[in-house]
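K.L.:
Need a 3D model of the sequence below.
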Amino acid sequence: MQTLVLAGGPNLVRAAVTEVVERSGCVTVVGQAAGHTELPELLGSEGERPDAVLLDRSLRTEGGPDLPEVVSLTAAAARTLVLGVSDIAEADACLRAGATGVLGPGVTAAQLTGALETVLGGGLVVVLETAPTVEAHVRRTVGARMAAPLSGREREILTLLAVGQEGSAIARHLGLSPLTVKTHIANMLTKLGAHHRGQLITYAYENGIVVPGAGRITVDIEGRDSWAAVRRAPCTAEDAARVA
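P.N.:
Coordinates of the predicted model:
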């Protein structure tokens, strides 16, 4: 089961949130922080990091970093959902800092668990009372992410995804841990505003990262060299559904 760290808010609120999200069966809460100084330890090292962080905007920073700075810290380690945001500018700042979800103070338990499931699945969620106004900000923010260039490592991983390799095989081929590959894929989903891996593959073909008919590449699978053929046509909806 995927894991979650709660940060900020009164103890009673964190206890209630823990009960709600664990009852839903989508996550297990593995840590809680009242202030930002506790977060680095809870975020852990590679291989021990949570899948997501639910960050209450009332998180105590004790004269330290502001909310977007804390979001930048948590988003570097896990998908980050910010709870209790009512100000449009603050919501926009959190999204630009790397948050994959922003929720207003009036969300229901069902909205909270639904947002967590979406974020953990690679999506982006905004649930605010001022949603019509915020939508324009979200479109601009997501548009900026889509324009953000992929790193060299991300392009390597995307190329291997596009020829049908699974995360574990990609990790072995590139000498990375499976968690690192998973993190790179999550970062690409966020950058490109994609909701599943099939959309990443479509992006790879549409933007020339993988060229149909360009030949073959070598991929190490189960410790042996194998040949993986590059697809001969752009990814179709059926292709995307198979790899999503």
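K.L.:
What strand or helix carries Leu81?
P.N.:
strand 79-83 (DSSP states H and E).
K.L.:
Quick check: mean pLDDT of that strand?
P.N.:
Mean pLDDT, computed over strand 79-83, is 93.
K.L.:
helices or strands up against it?
P.N.:
strand 52-56, helix 67-75, strand 101-103, helix 109-120 (3 or more Cβ pairs under 8 Å, 6 or more residues apart in numbering; DSSP states H and E). (Each C-beta comes from the backbone N, C-alpha and C, glycine too.)
K.L.:
Report the angle between the last one and strand 52-56.
P.N.:
What that stands for is helix 109-120. Interaxial angle of helix 109-120 relative to strand 52-56 (axes from the mean of the first three to the mean of the last three Cα atoms, to 10 degrees): 130 degrees.
K.L.:
Please enumerate the helices of this protein.
P.N.:
Per DSSP state H, the chain carries helices over the ranges 11-24, 39-43, 67-75, 88-97, 109-120, 131-147, 152-162, 167-174, 178-192, 197-206, 237-243.
K.L.:
Which of these comes out lowest on mean pLDDT?
P.N.:
For these, where the average pLDDT is lowest is helix 237-243, sitting at a mean of 40.
K.L.:
burial count for Ala75?
P.N.:
Neighbours of Ala75 under the rule other Cβ atoms under 10 Å: 22.
K.L.:
got it, and Gly9?
P.N.:
Gly9, neighbours per other Cβ under 10 Å, totals 23.
K.L.:
Please consider this matter closed, and thank you.
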